[in-house]
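S.K.: Predicted model, plus sequence, below.
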Amino acid sequence: MFNFFRKKESNKDTPASYSSIAVDMHSHVLPGIDDGAQNPQESIYLIRKMMDAGISKIIATPHIMADYYRNNAETINGALALLKQELVKENIDIVVEAAAEHYFDETFETRIDDDKLMIMGNNYVLFELSFISPPPNVFPAVQKLLERGYKPILAHPERYSYMDINQIKAFRDWGCNLQLNTISLTGYYGKSTMKMAESLVDNHMVDFISSDMHHPKHAEAFKRALKMPYVQRLLTDYPLKNILLK
Ligand SMILES: [Fe+2]
């Protein structure tokens, strides 16, 4: 009898929200400056969805990419100011800050040299790699970040199909934090990405999780992810660092 009730209780305890991590630290909800929300109304829609799912602070990370999105502190802070005005107008009470998702291209190292990185929390720098081909000379850049006191975070390692788990582990051994896209665990990006995401969780290699939210389909998947056992594990029994950014 006792066991029966215990079992019921533990089912009830599975998380229905992201409130335990509090902070979503990778998304494209700033209006009009990359491939995410295109105007403040779209931003508000996505932000409401994140809040419904239990997020209480958002660090928005627009792309900085030499070839596509030439963002800098000015464009990013401008979009943040616009969004904050809209949040006040709509009476929405949430903390929103801005950093960036730096693309590893030829301008990345120059940005490190020139102190032009958009950081989050205590000197964390989010960066992403090409989805198509392995980047040349990435480790010297990681080394340079570390020497200058930055804490690199590699965005969604599970999505680089040219890397196996040992290659991903090399990034962590070099001092990079790894950020998993929560929706990878729903199969949103396909089966092989899901399998890699599960392996990263199983091998205790995940430091941060986040939505990487661009549009309403991501918002749906972000909510749906809460039902996945792997996501429940991350939210209840895993040393994630999101909370350090609160
Ligand atoms: Fe992203």
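M.R.: Ah, there it is.
S.K.: Buried residues of the helix ranked longest in the chain, list them for me.
M.R.: Ranked by residue count and defined by DSSP state H, the top helix of the chain is helix 73-89. Buried residues in helix 73-89, counted by 16 or more other CB atoms under 10 Å: 75-76, 78-80, 82-83, 86-87. For every residue, glycine as well, the C-beta is placed using N, CA and C.
S.K.: Any chance you could list what contacts stretch 37-54?
M.R.: Around stretch 37-54, the neighbours that count as contacts under CB atoms under 8 Å, 6 or more residues apart in numbering are 16-20, 24, 27-32, 36, 58, 82-83, 85-87, 90, 92, 94, 96, 211, 213-216, 218-219, 222-223, 226.
S.K.: I'd like the buried residues of helix 73-89 as CSV, with distance to residue 234 appended.
M.R.: Listed next are these as CSV, based on distance: CB to CB, whole Å:
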residue, distance to residue 234
75, 33
76, 28
78, 34
79, 30
80, 28
82, 33
83, 28
86, 31
87, 28
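S.K.: At the contact with the ion, which residues of the protein appear?
M.R.: Residues of the chain lying close to the ion (CB under 5 Å from the ion) are 101, 212.
S.K.: and with 8 Å instead?
M.R.: Within the chain, the positions adjacent to the ion are 26-28, 61, 63, 101, 128, 155-156, 212, 214 by CB under 8 Å from the ion.
S.K.: if I pick the residue nearest to the spatial centre of the chain, what's in contact with it?
M.R.: The residue lying closest to the centre of the chain (CA atoms, centre = their mean) is residue 26, at 3.1 Å. By CB under 8 Å, 6+ apart, the contact set of residue 26 is 59, 61, 101, 126, 155, 179, 181, 208, 210-212.
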